Structure formats: C-alpha cells, structure tokens
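S.K.: Sequence first, then the predicted structure, then my questions.
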Amino acid sequence: MAPRDQTEQADKAARGRLAPSPTGPLHLGNAAALLLAWLSLRSSGGTLVYRTEDLDSGRVVPGMADQQRRELEWLGLDWDEDDTLGGRHGPYLQSLRGQRYEAALRRLDAAGLLFPCALSRRDLAGIASAGSAAGDSAAGDSAAGDSAAGAYPARLRPDHNEPGWLEGILSGEDRDNSVRLCVQNEVMNFDDLVLGPQGDNPALASGDFVLRRRDSLFAYQLAVVVDDIEMGITEVVRGADLLASTAGQLQLWHALSDREPSWAHLPLLLNDAGVKLSKRDGGLELASLREAGVSPERLVGWLAGALGLRPSAEACRPAELLNDFSLRSLVRHNISVSNAAMNELRAVS
Ligand code: GLU
C-alpha cells in the first residue's frame, strides 16, 4: 500500500474526465471538446477518467459506448480509469451509479434543499404566461421577476414536505412527483479558464431545477455533480453549451462537497446554419470522416488550427500539441465548420 503522504499527494493531483453520452456517433464538435479536455489534463500530468453518461436509457444507442471509445482511441486519445481499465472510483457507467444518486438526494433532503413537484414543463409554461399577462413579474418577487421561460419560481415551492415523501418517490410508490432542488437566489461566481470571470444567478436562469424526473430517471444535473465529486474530478472541461448549467451545478457542489473544480467552457463548432453541430449534421461524424479517408492526424491538425492552438492546420498527433498547451490561448469565438472546409479536409487526406 502507498504510504499515506503519497496517497494524499496523488489525491491532490489534477483529475479530469471525458464524459460522452452514448446517444449517437461522435462528431467533430464532440471531438474538439474531448481533445481539449484530454490536452488540458495530460499537459498537467494528472489522471484522466472516462465516464459513460448513459443515464437516459431511452436515448442510449446499443453498442455506442464501445464505438465512441474506439473512435477516441483512433483519434489518439487515451485515459487512465474506466469500466474496463478499472480504478478506485468506479463504476464508471452512470447507469450503474443509481444508489449514489439516491444517497446524494437523501443528503440534500436532510439539509432541507428538496421538494416534490407534480408540475410538468407545460404546466410551468402556462403559469409563467398567466403570471406575465397579469403583470405578476413586476411584483417584487425578484427570483421570479426576470426568470427565463420555463424556470421554476421559488414562490411555487410547497410550504412543507410530508414525512417520508422522498422515500415514496425513490421506492417507486409515488410516480406523480419529480424531485426539485431549492435553488438559492444568489449570483454564483467562477473564473472560467477559457472565458474569464463569470457570474450567473440560477434562480433566474433555471429556477428550482429537477434532480430526479417523474419517470424515475436521475437528471443529468444531479448525476454529473455527484460523479465529479465522488470521482475526485478537479477540472471540468466541456462545451460552452453547458455554461448555463454551471451556476446551478455549483450550488449542488456547495451543498454536497467542501471543494469545487476549475471550469473551462470551450468554443462550439457550428454548422453552415450557425447552429451547434449535432448528430443531425451528417458527414461530420468521426466515423464518416474516417470512412472518407481522413486520417486522425489530419483531423487533429485541422482542429488545432481552427481552435487557435497552432497557426496552421498541419497534420499532427494529439501528443504533439501538449507542449505549451494552455486553455487561455484558445479562440473565444465559436467556430463555423463549413461544408467547403470539410470537403477540403476529405480531399487532402
Ligand atoms: N455527457 C455530456 C455530453 O456529452 C457532458 C456533460 C459534462 O461535461 O458536464 O455533452
């Protein structure tokens, strides 16, 4: 067994994660974010965890988790802990971590931070539009006043919770209620390693968000925070599409942990219509680029050029980008991936 101070030393080292959802093949946008998470962690010499975010069973594609892993290996990425390599913080599949999410809900409930909710999204939208029609938003309820559409305003919380309410939901006896977090009306500040100082009040952005859905699925917001805490993650490097979730996640971190990670929100890759790449943008998946003859070096080089890591798109391996890598030197704007650029990439490979 390692001497105590060595173990503590190891615990203090950086820990990052690659956390794809196996809901479709990885595309160029996923590759950019995962490459940067890899570079960030590998350039500081810590441990990289591979977590399969397969919570949403209805959207998970059978076999996709393995396919994604092979695609990332093809790209030249590696990691240190996952469900086959093992590690101290497993299981590394969210679908196997339900008991941990339940334990976190019980802790949050003991702290008085949860309540049951039978309202659907549509109910909330109806309440919001009825409220604004009645001029309700000017009534000095600041959390509800400027809140985003669909946000759950604190004024709707029940006065008290019935004894045993949470166990009723967790056991499946109560199928009518989701579990929501009492979000504090507070601006959460953090220094983003790419975007600089950020501040956001989740009471306005999301209101009291759902941690366990009525259909019994644990919400992404709960699972990602519980896993990052329990897996000892010290840096969260992910696409800027998740920036809006960070303030709410920080409140969960504060409720469940005495530390918080560093955050880096990365530029997004956009399609010709200016929309974030998704699996609907056919031809930009790693698998189809590979089939079209694009080499991983060509792809990594193209990404490095587009992200501002290198002055040109010269072909390279991920490891060649480690020298002097800094998230601070990334471009701050989103990146358009025109069909023309991709055709060029296919042609020169
Ligand atoms: N599984 C999420 C995704 O594929 C990432 C979640 C996160 O990084 O917080 O977009």
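M.R.: Good, I have the coordinates. From a predicted model like this one, the values you see are computed outputs, not experimental measurements. Numbering: from 1, shown residues only.
S.K.: The closest residue to the ligand within the stretch 201-349 of the chain bridge partners, please.
M.R.: The minimum distance from the stretch 201-349 of the chain to the ligand, using CB to the nearest ligand atom, falls at Arg238 (3.5 Å). Every C-beta, even on glycine, is put in place using the N, C-alpha and C of the backbone. On the basis of DSSP bridges, Arg238 is bridged to His265.
S.K.: Can you name the residues that contact it?
M.R.: The contact partners of Arg238, taken as CB atoms under 8 Å, 6 or more residues apart in numbering, are 19, 33, 37, 264-266.
S.K.: List, one by one, the residues from the chain near the ligand.
M.R.: 19-21, 53, 224, 238, 242 (CB under 6 Å from any ligand atom).
S.K.: related to what we said a few turns ago, columns neighbour count and pLDDT on top of the contacts of Arg238, output as a markdown table?
M.R.: Formatted as a markdown table, the contacts of Arg238 follow (neighbours: other CB atoms under 10 Å; pLDDT from 0 to 100):
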| residue | neighbour count | pLDDT |
| --- | --- | --- |
| Ala19 | 24 | 98 |
| Ala33 | 25 | 97 |
| Ala37 | 25 | 98 |
| Ala264 | 22 | 98 |
| His265 | 22 | 97 |
| Leu266 | 31 | 97 |
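S.K.: ok, now how distant is the residue of the stretch 201-349 of the chain closest to the ligand from Ala125?
M.R.: From Arg238 over to Ala125 the distance is 28 Å, taken as CB to CB, to the nearest Å.
S.K.: next one: Asn185
M.R.: 21 Å.
S.K.: same check, this time on Pro261
M.R.: 33 Å.
S.K.: Compare these two and say which is more crowded by neighbours.
M.R.: Pro261 (23 against 13; other CB atoms under 10 Å).
S.K.: Can you show me the helices along this structure?
M.R.: For the chain, the helices defined by DSSP state H cover 4-12, 28-44, 64-75, 98-110, 121-133, 142-145, 165-170, 202-205, 220-230, 243-256, 286-291, 296-307, 339-348.
S.K.: Ser326 is nearest to which of those helices?
M.R.: Closest to Ser326 of these is helix 28-44 (CB to CB; 8.0 Å).
S.K.: Extract the C-alpha set from the closest one and format it as PDB.
M.R.: Extracted as PDB, the C-alpha positions of helix 28-44 are listed here (Å, rounded to 0.1, in the frame of the first residue of the first chain):
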ATOM      1  CA  LEU A  28     -16.400  16.900 -35.000                       C
ATOM      2  CA  GLY A  29     -17.700  19.100 -32.200                       C
ATOM      3  CA  ASN A  30     -17.500  16.200 -29.600                       C
ATOM      4  CA  ALA A  31     -14.000  15.500 -30.900                       C
ATOM      5  CA  ALA A  32     -12.900  19.100 -30.300                       C
ATOM      6  CA  ALA A  33     -14.200  19.200 -26.700                       C
ATOM      7  CA  LEU A  34     -12.800  15.800 -25.800                       C
ATOM      8  CA  LEU A  35      -9.400  16.600 -27.400                       C
ATOM      9  CA  LEU A  36      -9.200  19.800 -25.400                       C
ATOM     10  CA  ALA A  37     -10.200  18.000 -22.100                       C
ATOM     11  CA  TRP A  38      -7.500  15.500 -22.900                       C
ATOM     12  CA  LEU A  39      -4.900  18.100 -23.600                       C
ATOM     13  CA  SER A  40      -5.700  20.100 -20.500                       C
ATOM     14  CA  LEU A  41      -5.400  17.200 -18.200                       C
ATOM     15  CA  ARG A  42      -2.400  15.500 -20.000                       C
ATOM     16  CA  SER A  43      -0.500  18.800 -20.100                       C
ATOM     17  CA  SER A  44      -0.700  19.000 -16.300                       C
END
